[in-house]
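Asker: please work out how this folds:
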Amino acid sequence: MLLQVNEQMIGRRINERNYEIGLPPQLRGRWVVFALTLPPAQGPRIVALSLLSQMSILIGREMLLRRLSFGRAQCWAGVFYVPDDAETIQLDLVDTVLATSEIAILLRPISRPTAALLIALRHPFKLLRASLGNLSGQHGRIREALSSIAVGTAPTSYRDWIALFDNWQPHDHARLLESPRRASWPSIGVCVFAGATDTGRQSTTSQRHADLLRATEKSLLNQSLPCPYRIAGQAGNTSKLESTLVHLDCEYVALLQAGEILPRQALALLADQAVSLGRPLVICADEDELTRNGVRCNPLFKPAPNHALMLSGTLSRGIWLVRRDVLLDHAGDDVRWAEILRLDIWLRLYEHGMADSTRRVPHILTHRLVDAEAAPAGELAASVAGHLERMAIPAHVQPAWPLRVDIIAPQELQPEVTIVVPSVCREQHVIECLGAVLARTRYERFNLVVVISQTTALDDRQLETVARLSEDPRFRYMLFKQGSFNYSLANNAAVAATEAPLVCLLNDDVEPKDPDWLARMVGHLCDPRVGAVGAKLDYPNGLVQHGGVILGSPGFCQHANRHLPGNQPGYAWRAVLDQELSAVTGACLLVRRSLYDRVRGMDETYASSYNDIDFCLKIREAGYAVVFCATTELIHFESLSYGSHYCGDTAADRHAKDVKRMQNRWSSIGAADPFHNPNLSLLPGREWALAFPPRVSKPPRDPSPRHPAARSSVVHDVQAVALQG
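Answerer: Down below sits the predicted model:
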């Protein structure tokens, strides 16, 4: 039976290629067949589909639909499961710019066996593997397998990504130059740093150096926004900035290194974004590399600029747009390397509390030639070391790429720390793990408080456990009478009963790998702008269990780098570099007591899960950084004490309520984690893969009626039809 849906399913055009379709209630919690048809002339090569909650948080997989042809008609189809909390379907017609054409959408609910049959016809072995194993998890494994194979195969190469999302055509350049912000664009000049000034280098090296400089100059002459430029640091010329800035009387100066190539749209796009972002002091952008054969590779999609990661030097390559008045503070310096100047500018802004006025543009605006010269690691290290000395942060900087900054609080800068551990104190692992914390922690002033939550007195096994641990005078326990276990309530009660200026929340199933683990975390709190520090946790087999938290995935958040070998650097070295993140795990989390009290501790309505994520987001809301200390590693025997956060008959209901509350409370940051680039995926386990499609599109967004990007009313040219079985 065909049913035309008008009121229940509403189509809204977001921009020239994106549509949102409201889901009728009867389709939620069901498997559905989805089909979209367009006139042949309007057919894109690829159609992406996402399921969103009421707060526009991704809750379903980013899916690419299969393209089918029936004569002249073209259809994009898929089979997928609609979660109970799904509110809308978002369609992205990836590589097509639509006029006012008619879109027809068909949805039909089907049974799980029918969905399995349809999908198994294409991938029988994958579905068979999901059916094997423990029966208790079979339903979830089958659903996961169905979801992952029900849709078309996603392109995975960077070449595919470029062709779909970063392939600027003449009409894209024309639209950028017609931006409604064009009249307010700032003037931009370019300063190109030639690098080394050694005139005695070999002729082949000298020729390559000249080629790098020539390639950069050529890209500047090809810009859609004409710009004056100067070369700084050439042999025989002064390398002081003042001689360059005299000839670049512009509002902004773009800093480039020889061998960094700009795409044609780079300066125009930066000018447009400077207006859109409120004319910040510094703007940086994403980058990739360019082979000698002209092939783009190795994209670096960056997080928002942040102090802990900036110390590594990994964010100081690629074009930076810097306000000329900021550059004037460095006018007397001898500068040969754009990397070092960029890094030093940002670090000095941080010292003066002005680093928040730096912004990232999530577009590839630099192609770095693979044999371009890099700033000497020793000079980069000297810049970082000088900054840390001025900040009175105790650290040693290793001059290698990337820079490794070892921050450890010395004994004279080690305030007292109370380690709070909720536990039932019955299992052998409690003695082993907490015993290891007491025996292997090289920190002078700490005590360990175990919180035992129960209404009865301690039994014989618990008494034996606390008696063995009490042999260390730094250990004590408190009995907190509560009926059911509540992690937040237990921590809040223990913190209120102690007085140390620093508090470390710790699980009873972790043990340190490094005796300086606590001193490393305390070292980061020598920076008054840091409010909390989390650690890297590994499984006993050496694989990463927790490498920080990324927001925005289905389920609101996910652990980064899970199952990555612990000695692997990961994407852009981020598995081994200290960095600021939106949240870290509460299994090992150090925080200032004053800040703990200021944000009113952990939310006790989150009894088992999401309490640590909510806590970190409250700390960031209060204006403090949350640092993931990748150099602090502990072994996590995950969930030995309590098992899964969500087990039992009410698991699904409790989990759904917790997720919805997090989405409602933190909708803005949950939809756009500043420390995860929108060009990277949000799929669990694929957080460092390319996003197909990315969560950012080519600017500008024109509010005028000529461009559909800003239409907010319902568009009636979307025809939505539901097939009711």
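
Asker: so where do the strands sit in the stretch 201-350 of the chain?
Answerer: 229-232, 252-257, 260-261, 282-290, 296-300, 320-323 (DSSP state E, counting those that start in this stretch).

Asker: looking at those strands, which is buried most?
Answerer: A comparison of the strands of the stretch 201-350 of the chain by mean neighbour count, using mean count of other CB atoms under 10 Å, puts strand 252-257 on top with a mean of 28. For every residue, glycine as well, the C-beta is placed using N, CA and C.

Asker: elements contacting it?
Answerer: Under the contact criterion of 3 or more CB pairs under 8 Å, 6 or more residues apart in numbering; DSSP states H and E, strand 252-257 touches strand 188-193, helix 266-276, strand 320-323, helix 324-327, helix 338-351.

Asker: average pLDDT for the longest helix anywhere in the chain?
Answerer: In the chain, taking DSSP state H as the definition, the longest helix is helix 203-221. Taken as a whole, helix 203-221 has a mean pLDDT of 88.

Asker: likewise stretch 655-672?
Answerer: Rounded mean pLDDT across stretch 655-672 is 83.

Asker: flag every buried residue along it.
Answerer: 655, 658-663, 666, 669-671 (16 or more other CB atoms under 10 Å).

Asker: in terms of mean pLDDT, which of the strands of the stretch 201-350 of the chain ranks lowest?
Answerer: Looking at the strands of the stretch 201-350 of the chain, the bottom one is strand 229-232 with a mean of 86.

Asker: around His330, how many other residues sit close by?
Answerer: Neighbour count of His330, defined by other CB atoms under 10 Å: 17.

Asker: contacts only, for Thr605.
Answerer: 488, 661 (CB atoms under 8 Å, 6 or more residues apart in numbering).

Asker: give me that answer again for 10 Å
Answerer: 486, 488-489, 611, 614, 657-658, 661 (CB atoms under 10 Å, 6 or more residues apart in numbering).

Asker: hmm, what's the outermost residue in the chain?
Answerer: Distance from the C-alpha centroid of the chain, by CA atoms, centre = their mean, peaks at Asp460 (47.1 Å).

Asker: quick check on it: phi, psi?
Answerer: phi -60, psi -40 (degrees, to the nearest 10).

Asker: if I look at it, how far off is Glu471?
Answerer: For Asp460, the distance to Glu471 (CB to CB, to the nearest Å) stands at 18 Å.

Asker: rewinding a little: turn the helices and strands packed on strand 252-257 into CSV, including distance to Leu255.
Answerer: Output for these, formatted as CSV (distance: least, CB to CB, whole Å):
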stretch, distance to Leu255
strand 188-193, 6
helix 266-276, 12
strand 320-323, 5
helix 324-327, 8
helix 338-351, 5
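
Asker: can you say which of the ones you listed is nearest to Pro305?
Answerer: Checking the helices and strands packed on strand 252-257 against Pro305 by CB to CB gives helix 338-351 as the closest, at 6.5 Å.

Asker: what packs against the closest one?
Answerer: strand 188-193, strand 252-257, strand 282-290, helix 307-310, strand 320-323, helix 324-327, strand 358-369, helix 377-390 (3 or more CB pairs under 10 Å, 6 or more residues apart in numbering; DSSP states H and E).

Asker: hey, C-alpha coordinates of it in CSV?
Answerer: The C-alpha trace of helix 338-351 is given here as CSV (Å, rounded to 0.1, in the frame of the first residue of the first chain):
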residue,chain,number,x,y,z
ALA,A,338,58.1,30.3,8.7
GLU,A,339,57.6,27.3,11.0
ILE,A,340,59.5,28.8,13.8
LEU,A,341,57.9,32.2,13.4
ARG,A,342,54.4,30.8,13.4
LEU,A,343,55.1,28.7,16.5
ASP,A,344,56.8,31.5,18.4
ILE,A,345,53.9,33.9,17.5
TRP,A,346,51.3,31.5,18.9
LEU,A,347,53.2,30.7,22.0
ARG,A,348,53.7,34.3,22.9
LEU,A,349,50.0,35.0,22.3
TYR,A,350,49.3,32.2,24.7
GLU,A,351,51.6,33.7,27.3
